[in-house]
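Visitor: Give me coordinates for this.
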Amino acid sequence: MTLLLIDWDALSTIQQVFWGISIVFSVLFVIQFVLSLIGLDFDGDADGDFGGAEGMDADFALFSVRSIIAFFTFFGWTGIAALNYGVGSTLSVLFATLSGFSAMFVVAYLFYLFIKLQSSGTLKLENALGEVGEVYLIIPGDKAGTGKVQMKVQGSLRELDAITTGEAIPTGSPIRVIDVLENGMLLVEPVDTKFLN
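Guide: The predicted model follows:
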């Protein structure tokens, strides 16, 4: 039997282990990469105790599916390379382990940075307090219903739900946010255009 132009039966046990690990985890690595590109992911994570991606918390999680796949991928290929350069079995396993842990740490750290970047872009409605915007959908008066406003919050134009305690505010009217309610609703009031700018 040949594998990548190598006689599998002629390989030593340690070489077969390294090759087996390399092939299996390289395939998983490619599958995971492709799934990430199309927006899917199977990082069901072994990091529940370490703070994982599930809640999108920016906690550093060393042990996750993607970092473990990275560990074994680099472990296998480094072991093969070391053996091919004539390094003994014990040192090859040591180099492979160090390489695997390095890859594991780098992948975990990159994912941590990605999550941190993503969570820093999360909308915090408190930042809308005191800001002005424009009514997008009429806001009924006396908290009788919900309308929508358009305004810039955290540098991006947002469409947010809003109510008012006064009279109804028609579409296109300028408003100011005077409170953020517990349910995430904005409490707004009309603003006289002469007070803008």
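Visitor: which residues of this structure fall in strands?
Guide: For the chain, strands defined by DSSP state E occupy the ranges 2-3, 6-7, 132-137, 147-153, 156-163, 174-180, 186-190.
Visitor: out of the ones you listed, nearest to residue 23?
Guide: Closest approach to residue 23 among these (C-beta to C-beta): strand 2-3, 7.8 Å. C-beta here means a position set from N, CA and C on the backbone, and glycine is covered the same way.
Visitor: average model confidence for that closest one?
Guide: What strand 2-3 shows for mean pLDDT is 42.
Visitor: Kindly report the same for stretch 186-194.
Guide: 83.
Visitor: And it, how far out from the chain middle?
Guide: Offset of stretch 186-194 from its chain centre (C-alpha atoms, centre = their mean, to the nearest Å): 36 Å.
Visitor: outside of it, which residues touch it?
Guide: With C-beta atoms under 8 Å, 6 or more residues apart in numbering as the test, stretch 186-194 has contacts from 125, 128, 132-133, 139, 149, 160-166, 169, 173-181.
Visitor: next one: the longest helix that the chain contains to chain centre, how far?
Guide: Counting by DSSP state H, the longest helix found in the chain is helix 89-120. Computed by C-alpha atoms, centre = their mean, the chain-centroid distance of helix 89-120 equals 17 Å.
Visitor: ok so, going back, with respect to residue 94, which of the strands of the chain lies nearest?
Guide: Closest approach to residue 94 among those (C-beta to C-beta): strand 6-7, 23.2 Å.
Visitor: Find the nearest non-adjacent residue to residue 129, please.
Guide: Take residue 129 and drop its neighbours on the chain: the residue closest to it by C-beta to C-beta, 6 or more residues apart in numbering is residue 177, 5.6 Å away.
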